[in-house]
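[1] Could you work out the structure for the sequence below:
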Amino acid sequence: MDIISKVCIIGRPNVGKSTLFNALAKKRLSVVDPLAGTTRDSVSIYLQKDETFFELVDTGGIMDDTKDTISQAVQKQVDNAIATADVIVFVVDVRNGITPVDKNIANRLRKNKTPIILVANKADNLQFEQDAPEFYKLGLGEPIAVSALHKIGSTDLMNRILELIPESNQPDAFKDILKIAFIGRRNAGKSTLLNKITGQKRVVVSEIPGTTRDAINILIEKDGKKLLLLDTPGLRKKVRVDTSVEFFSRFRAEKAVRFADVVFFLLDATQSISIVDKHIAEFLDRQYKPCIILLNKWDLVKQSNPKFTPQDFLKYLGSNMPNLLFAPVSGISALTGMNLKETMGLAYELHAQAKTRVTTSELNKIIEKSVKAYAPFSKSRIEPKIYYGTQVSTSPPTIVLSVNRPDLFSPDYKRYILNKFRESLPFSEIPFRVLFRRA
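    Numbering: from 1, shown residues only. Have a look, this model is predicted:
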């Protein structure tokens, strides 16, 4: 269910919707490219302006020719955005004048009771600004002349949006939200899973790999709890990324992971682990984010081998992704929703683990016991010593060990101490840091 106001930007392809979206968001979130139809999915961001919260949505371009499967899916998605919007921002290109597609869109919008803001974009100079009134003919009121590229008129547009947002749609506790990023290689089932969780087709799903080009944010309320779901573009080997669209898609996928509280890393259980999967695992290891490895299409694996369990998959994962051995594994079906409720519950558990604090006395008991069982050794004449440890932060939990000389501790011994903490502390299934600092 949508719990705050939604402002949808619509229009035909290449009128500057994504550029306007980025200008209003003051971030580069939506792909801007000369290629018509670059935005396939509804990309959104949650903004706060003064005391007003709202979701700003950039939609795919509305076209007359929708013969291919993806175009049809995009149009259905735009229809859904229009149906659920609290405010519609209809963008036209002042340089091209009124086109037949603009007229068709205007006819559809006039039948809708939703407040509409008509935006005449690309008014880069006085001549184009003076041409803006031509769009009065669309019957949607006075157009606001802007240049999204040069950020001219964006303040006036934002003020108009704020005037039209219903006050009744403001949430009381916007901050208490679990942010989950969905990441994986192309066609792993991320978008299908996202649609299953939300209960509606918010993301274009196609058999064509790479359907999702943008990082997509969807805010929902499920079982009385708020969730921000971050779907990301399917990743592939860097050597094959040769377009600006692909470059920014990869950048946004990585940014979504850094922003998230928990990561759902999807693997296709019917396929072997690929080089891309391994690269994603290495990236996740560096981010110190709680992670659940989702074995999608697990129902198909069970049909072919009923005795096979996710634990049987662990040995295979361990040899291919040793840096994610701590992460729990869940066999799911994005299509049917199998094990989805349990997986969502696990996400909350991992988030709680990441916020856990332990006392200094508890840490020092573990250190004392570990050193007694296996004392650090160095070829130097100086004996390595750990004086004490303390937890300095959460999310991720970070433990600092005060020692005489950090360089005296071998990588093997540092791993030994980390594993001892993992065995004894209440955050065994999440990544955490152990830092050796000179006292």
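[2] rest of the way, CA atoms for contacts and neighbours
    Will do.
[3] how near is residue 176 to residue 410?
    From residue 176 across to residue 410, the span is 41 Å (C-alpha to C-alpha, to the nearest Å).
[4] do the same with residue 369
    Residue 369 sits at a distance of 19 Å from residue 410 (criterion: C-alpha to C-alpha).
[5] Over to residue 395?
    For residue 395, the distance to residue 410 - C-alpha to C-alpha - is 26 Å.
[6] now swap in residue 121 and tell me
    61 Å.
[7] Just want to know which of those two has more residues nearby.
    Using other C-alpha atoms under 10 Å as the criterion, residue 121 and residue 410 rank with residue 121 on top: 29 against 14.
[8] and that one, what are its bridge partners?
    Beta-bridge partners for residue 121, by DSSP bridges, are residue 93.
[9] pretty sure it is touching residue 91, no?
    Yes. Using C-alpha atoms under 8 Å, residue 121 is in contact with residue 91, at 6.5 Å.
[10] which neighbours do these two share?
    By the contact definition C-alpha atoms under 8 Å, 6 or more residues apart in numbering, residue 121 and residue 91 are jointly contacted by 15-16.
[11] Under the pLDDT cut-off, which ranges of the chain? List them.
    Scanning the chain with the threshold set as pLDDT under 70 gives 1-3, 27-42, 50-51, 63-78, 81, 126-129, 168-175, 200-216, 234-252, 310.
[12] hey, where'd the helices end up in it?
    With helices called from DSSP state H, the chain shows them at 17-25, 69-84, 100-110, 126-131, 154-164, 190-198, 244-259, 275-287, 298-304, 310-320, 340-354, 360-373, 411-424.
[13] Now do the closest residue in space to residue 20 that isn't next to it in sequence against residue 44, distance only.
    Among residues not flanking residue 20 along the chain, residue 148 sits closest, at 4.7 Å (C-alpha to C-alpha, 6 or more residues apart in numbering). Using C-alpha to C-alpha, residue 148 is found at 17 Å from residue 44.
[14] do the same with residue 286
    The gap separating residue 286 from residue 44 is 27 Å, by C-alpha to C-alpha.
[15] One more: residue 355?
    Using C-alpha to C-alpha, residue 355 is found at 27 Å from residue 44.
[16] For the two, work out which one has more neighbours and name it.
    Legend: neighbour count by other C-alpha under 10 Å for residue 355 and residue 44, higher for residue 44 (25 against 13).
[17] give me every residue that touches the more buried one.
    55-58, 216-218.
[18] Take those residues and keep only those in strands.
    55-58, 216-218 (DSSP state E).
[19] possible to save those residues as JSON lines with distance to residue 436?
    What follows is these, written out as JSON lines (distance: C-alpha to C-alpha, whole Å):
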{"residue": "55", "distance to residue 436": "43"}
{"residue": "56", "distance to residue 436": "44"}
{"residue": "57", "distance to residue 436": "45"}
{"residue": "58", "distance to residue 436": "46"}
{"residue": "216", "distance to residue 436": "39"}
{"residue": "217", "distance to residue 436": "38"}
{"residue": "218", "distance to residue 436": "40"}
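[20] Output those residues as TSV; include the columns neighbour count and distance to residue 305.
    Listed next are those as TSV, based on neighbours: other C-alpha atoms under 10 Å; distance: C-alpha to C-alpha, whole Å:
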residue	neighbour count	distance to residue 305
55	22	45
56	25	46
57	28	43
58	30	44
216	29	35
217	24	36
218	22	36
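[21] what's the closest of these to residue 267?
    Each of these was checked against residue 267 using C-alpha to C-alpha; the closest is residue 216, at 19.4 Å.
[22] Could you give the number of residues near residue 156?
    Around residue 156 there are 12 residues (other C-alpha under 10 Å).
[23] Could you check how far it is from residue 119?
    Taking C-alpha to C-alpha, one finds residue 156 at 11 Å from residue 119.
[24] do the same with residue 425
    Counting by C-alpha to C-alpha, the gap from residue 425 to residue 119 is 56 Å.
[25] if you count what's nearby, which of these two comes out ahead?
    Neighbour tally, residue 425 and residue 119, criterion other C-alpha under 10 Å: the higher count belongs to residue 119, 27 against 16.
[26] Hmm, residue 147 and the more buried one touching each other?
    No. Applying C-alpha under 8 Å as the test, residue 119 and residue 147 come out as separate, 9.7 Å apart.
[27] coming back round to it: list the contacts for the residue nearest to residue 20?
    Residues in contact with residue 148 (C-alpha under 8 Å, 6+ apart) are 16, 19-20, 23, 121-122, 154.
[28] Check residue 197 too.
    Applying C-alpha under 8 Å, 6+ apart, one finds that residue 197 lies in contact with residue 337.
[29] So it versus residue 340, what's the distance?
    Separation of residue 197 from residue 340 (C-alpha to C-alpha) stands at 8 Å.
[30] what bridges to the residue nearest in space to the middle of the chain?
    Centroid-nearest residue in the chain: residue 230, 2.6 Å away (criterion: C-alpha atoms, centre = their mean). Beta-bridge pairing of residue 230 under DSSP bridges involves residue 181, residue 217.
[31] Use 455 as the first number for this chain going forward.
    OK, 455 is where the count begins now, so the last one is residue 684.
[32] And it, how far from residue 673?
    The gap separating residue 684 from residue 673 is 9 Å, by C-alpha to C-alpha.
[33] now residue 555
    As defined by C-alpha to C-alpha, residue 555 lies at a distance of 31 Å from residue 673.
[34] next one: residue 549
    Going from residue 549 to residue 673 by C-alpha to C-alpha gives 36 Å.
[35] Of those two, which one has the most company?
    A count of neighbours by other C-alpha under 10 Å puts residue 673 above the other of residue 549 and residue 673, at 22 against 17.
[36] For the residue nearest to the more buried one when sequence neighbours are not counted, list the residues it contacts.
    Spatial nearest neighbour of residue 673, excluding adjacent residues (C-alpha to C-alpha, 6+ apart): residue 682 at 4.5 Å. Shown in contact with residue 682 (C-alpha under 8 Å, 6+ apart): 631-634, 671-674.
[37] again, only this time at 6 Å
    Residue 682 is in contact with 633, 672-673, counting by C-alpha atoms under 6 Å, 6 or more residues apart in numbering.
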